[in-house]
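Participant: just need the structure, nothing else, for what follows:
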Amino acid sequence: MKRRAFLTTATLASAGLSTFLISGCENKNRDNNTDNIFQSYEPFELDEETISSLTEKLSSGTYSSEQLVKLYLQRIEGIDNKGAKLNSVIELNPDAISIAKTMDSELKSNKKRGPLHGIPVLIKDNIDTADKMQTTAGSLALVGNIALKDAFIVTKLREAGAIILGKTNLSEWANFRSTKSCSGWSSRGGQTKNPYFLDHNPCGSSAGSGAAVSANLCVVSVGTETDGSIVCPASVNGVVGIKPNVGLVSRTGIIPISKTQDTAGPMARTVHDAAILLGVLAAIDSNDTVTEESRGKSFTDYTKFLDINALNGKRIGVEKKKQGTNKYVNALFEETLELLKKQGALIIEIDYLDEINSLSNSEFEVLQFEFKEGLNGYLASANSKVKNLNDVIKFNNDNEDKAMPYFKQELLESSNAKTDLDDKKYLEALEKSHFTSKNILNAIFREKKLDAICGITMGPTCSIDTIYGDRWGEYSLTTPAAISGFTHITVPCGTVYNLPVGLSFFGTPYTENTLIAIGYAYEQASKKRVKPEFKSSFI
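Facilitator: Numbering: from 1, shown residues only. Next comes the predicted model:
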């Protein structure tokens, strides 16, 4: 969806989705200062390590999990808290080292819990953990919220042997607070930065998860998405992100926006690592009934689908109209299409984006209704001083200087004004947005016999601006898979103005295996992941 059209303030929808749907911004300035690399940036001994490589080193005794945790904690202190001050981690787990010692002891006793045994992982600060860490969605209103129970996906992470190193900063309330928000900013956590240029936006709402993985503060991280909040930060931070089909991954214990569109998903530096993490997260949860739809359609090991030849013979749909007018982005996409063809893919021109984009008003209506209902339900049983959305709004008003120093809370207020989910307006909007989008996409896939649709995930990101908010460009391919609930993967495909750009592949329900195979084949053929250098400014 073109964010420039979508963010026109003349429409209610444009005002709304600007806050949670994160897009690439054009910056025409190409006069980059190549000598402004952050001075204390030094090579890190765990740079670009993977789950597999660290697992091998744990097994051989080259490292212990305790050593890994301490190294990552040192990295976070040096890059995130000091030095570049990336500010991607909002809280560290005080028990991380003791948990690592337990993992080491178990491994010495030949007890391996699962594919993440002893591996440090960061998760987004809207995911409940029943430990000493808070779950706040970046909001001062939720400070002190210590969850009484792990989110379902946190249980799965622990069962797989993961060490939860800490929680990542995010756009406050998953970027569903204001029409003029700055992505990656929260009243509790402050502003997360982009590790390529520190004055640029990391995108959101999973800003911290994307920036932390890119900066090698962890091996992999978990983000959440309603519309763009995994794939956009993955794209502009130069990493891989998977937005699973809604229903593959449980949402129990995650602060919600939309029961129709919300999902958690993996963020990693490689498709292989993302596939490992997705296999851990995917499971049926009796407390999240939509996950029942994934029965017989999910896998505990998505790495078995990794195939460097997976593009051969695949039919890939591409919107026949250019996504935007930037000649450098368009040239990068044309180069990418030629590589796909060289790998044996068949590129099929299609026409679908205008129809999907026309549903944006209805999507925003759905999200407001569902946000109020979902958040009130979460807060009612949370270990928090605020017990509903009305309490949150009042807290922010009473603490305006700290809670709302830059932008306000128009979306909280407009959502709070909605009625319940029996309202005719909600039901009509749900039919028009979610079900119509599914019908449009299913028809395109069926008629053209497509394996996936692809395009530029986001253009190069814009500058951080907490005063006037985000300024997004023309390129965005987040909405089709988000509004329909379908599967979406983004993989690094190059840089424009020395800023990362991602390539999206999305497909029909529960085609994660196919998209992972396609994404992996493209990744291996292109090798476009570039490590960030923490340059202080773009100019």
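Participant: switch to C-alpha atoms for all contacts and neighbour counts from now on
Facilitator: Fine.
Participant: can you tell me the centre-most residue of this protein?
Facilitator: residue 230 (1.6 Å; C-alpha atoms, centre = their mean).
Participant: ok, that one - contacts?
Facilitator: Contacts for residue 230 were tallied using C-alpha atoms under 8 Å, 6 or more residues apart in numbering; they are 204-206, 210, 223-224, 241-243, 265, 267.
Participant: measure it to residue 205 for me?
Facilitator: Going from residue 230 to residue 205 by C-alpha to C-alpha, to the nearest Å gives 7 Å.
Participant: what's the overlap in contacts for these two?
Facilitator: Common neighbours of residue 230 and residue 205 (C-alpha under 8 Å, 6+ apart) are residue 224.
Participant: could you report the neighbour count for residue 301?
Facilitator: A count of neighbours around residue 301, defined by other C-alpha atoms under 10 Å, yields 16.
Participant: equivalent analysis for residue 524, please.
Facilitator: By other C-alpha under 10 Å, the residues close to residue 524 number 14.
Participant: ramachandran coordinates for it?
Facilitator: Main-chain dihedrals, residue 524, degrees, to the nearest 10: phi -70, psi -30.
Participant: then residue 229?
Facilitator: phi -80, psi -10.
Participant: next: residue 496.
Facilitator: Backbone dihedrals for residue 496, given as degrees, to the nearest 10, come out at phi -130, psi 130.
Participant: and what of residue 506?
Facilitator: phi -130, psi 160.
Participant: so it makes contact with residue 450?
Facilitator: No: Residue 506 lies out of contact with residue 450 (C-alpha atoms under 8 Å); the separation is 10.5 Å.
Participant: which one of those two has more residues nearby?
Facilitator: residue 506 (30 against 19).
Participant: leaving out chain neighbours, which residue sits closest to that one?
Facilitator: residue 488 (4.2 Å; C-alpha to C-alpha, 6 or more residues apart in numbering).
Participant: hang on, the one you found in a strand?
Facilitator: Yes: remark: residue 488 belongs to a strand, assigned using DSSP: H, G, I helix; E, B strand; the rest coil.
Participant: contacts only, for it.
Facilitator: 231, 242-245, 481, 504-507, 512, 515.
Participant: and if we set it to 7 Å?
Facilitator: Counting by C-alpha atoms under 7 Å, 6 or more residues apart in numbering, residue 488 makes contact with 242-244, 481, 504-507.
Participant: same question for residue 380.
Facilitator: So residue 380 contacts 387-388 (C-alpha under 7 Å, 6+ apart).
Participant: the helices in the stretch 301-450 of the chain, which residues?
Facilitator: Applying DSSP state H, counting those that start in this stretch to the stretch 301-450 of the chain gives helices spanning 327-342, 353-357, 360-380, 389-398, 400-403, 410-416, 424-430, 436-448.
Participant: run through who's touching the last one.
Facilitator: Where contact means C-alpha under 7 Å, 6+ apart, the residues beyond helix 436-448 that reach it are 356, 483-484, 508.
Participant: so how far does stretch 345-360 reach from one end to the other?
Facilitator: 31 Å.
Participant: which positions within it qualify as buried?
Facilitator: 345-347, 350, 352-353, 356-357, 359-360 (16 or more other C-alpha atoms under 10 Å).
Participant: for these, point out the one with the lowest pLDDT.
Facilitator: Least confident entry in these, by pLDDT: residue 357, with 91.
Participant: off-centre distance for stretch 236-247?
Facilitator: 5 Å (C-alpha atoms, centre = their mean, to the nearest Å).
Participant: and the strands in the stretch 401-539 of the chain, which stretches?
Facilitator: For the stretch 401-539 of the chain, the strands defined by DSSP state E, counting those that start in this stretch occupy 452-456, 487-496, 499-507.
Participant: out of those strands, nearest to residue 314?
Facilitator: Residue 314 sits nearest to strand 452-456 of all the strands of the stretch 401-539 of the chain, at 8.0 Å, using C-alpha to C-alpha.
Participant: what pairs with the closest one, parallel or antiparallel?
Facilitator: Looking at strand 452-456 with DSSP bridges, its partner strands are strand 315-319 (parallel), strand 499-507 (antiparallel).
Participant: JSON lines for these, including mean pLDDT and distance to residue 341?
Facilitator: Listed next are the strands paired with strand 452-456 as JSON lines, based on pLDDT from 0 to 100; distance: least, C-alpha to C-alpha, whole Å:
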{"stretch": "strand 315-319", "mean pLDDT": "98", "distance to residue 341": "10"}
{"stretch": "strand 499-507", "mean pLDDT": "98", "distance to residue 341": "15"}
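Participant: follow-up on the earlier one: only the buried subset of the contacts of residue 488, as a ChimeraX command please.
Facilitator: ChimeraX command restricting the contacts of residue 488 to the buried ones, with burial defined by 16+ other C-alpha under 10 Å:
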select :242,243,244,481,504,505,506,507
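Participant: so which of the contacts of residue 488 is the closest to residue 391?
Facilitator: The closest of the contacts of residue 488, once distances to residue 391 are taken by C-alpha to C-alpha, is residue 243, at 31.2 Å.
Participant: so what's the closest one bridging to?
Facilitator: Note on residue 243: beta-bridge partners residue 488, judged by DSSP bridges.
Participant: run the chain-centre distance for the helix or strand where residue 55 lies.
Facilitator: For residue 55, the element it lies in under DSSP states H and E is helix 51-60. Centroid separation for helix 51-60 versus its chain: 26 Å, with C-alpha atoms, centre = their mean.
Participant: check stretch 194-207 too.
Facilitator: For stretch 194-207, the gap between its own C-alpha mean and the chain's C-alpha mean amounts to 12 Å (C-alpha atoms, centre = their mean).
Participant: again, but for stretch 523-534
Facilitator: Worked out by C-alpha atoms, centre = their mean, stretch 523-534 lies 18 Å from the chain centre.
Participant: how about residue 225, phi and psi?
Facilitator: phi -140, psi 140.
Participant: since we're on residue 75, how many residues are nearby?
Facilitator: 20.
Participant: the closest residue to it other than its chain neighbours is in what secondary structure piece?
Facilitator: Excluding its sequence neighbours, the residue lying closest to residue 75 (C-alpha to C-alpha, 6+ apart) is residue 217, at 6.1 Å. If you go by DSSP H and E, residue 217 is not part of any helix or strand.
Participant: so what's the residue count around residue 217?
Facilitator: Neighbourhood size, residue 217 [other C-alpha under 10 Å]: 30.
Participant: hang on, isn't it packed against residue 72?
Facilitator: Yes: if you go by C-alpha atoms under 7 Å, residue 217 and residue 72 touch, sitting 5.8 Å apart.
Participant: picking up where we left off before, most neighbours per residue, which of the helices of the stretch 301-450 of the chain?
Facilitator: helix 360-380 (a mean of 22; mean count of other C-alpha atoms under 10 Å).
Participant: now it against helix 389-398, angle please.
Facilitator: Relative orientation of helix 360-380 and helix 389-398, computed by axes from the mean of the first three to the mean of the last three C-alpha atoms, to 10 degrees: 90 degrees.
Participant: centre of the chain to helix 360-380, how far?
Facilitator: In this view, helix 360-380 has its centroid 19 Å away from the chain centroid, taken as C-alpha atoms, centre = their mean.
Participant: report pLDDT for the residue of the chain most remote from its centre.
Facilitator: The C-alpha centroid of the chain is most remote from residue 109, which lies 36.2 Å away (C-alpha atoms, centre = their mean). At residue 109, the pLDDT value in this model is 98.
Participant: picking that back up, between all of the contacts of residue 488, which two are separated the most?
Facilitator: 244 and 504 (12.9 Å).
Participant: how about the strands in the stretch 1-150 of the chain?
Facilitator: With DSSP E, counting those that start in this stretch as the criterion, the stretch 1-150 of the chain has strands spanning 89-92, 120-124.
Participant: winner for burial among the ones you listed?
Facilitator: strand 120-124 (a mean of 27).
Participant: alright, calling it a day.
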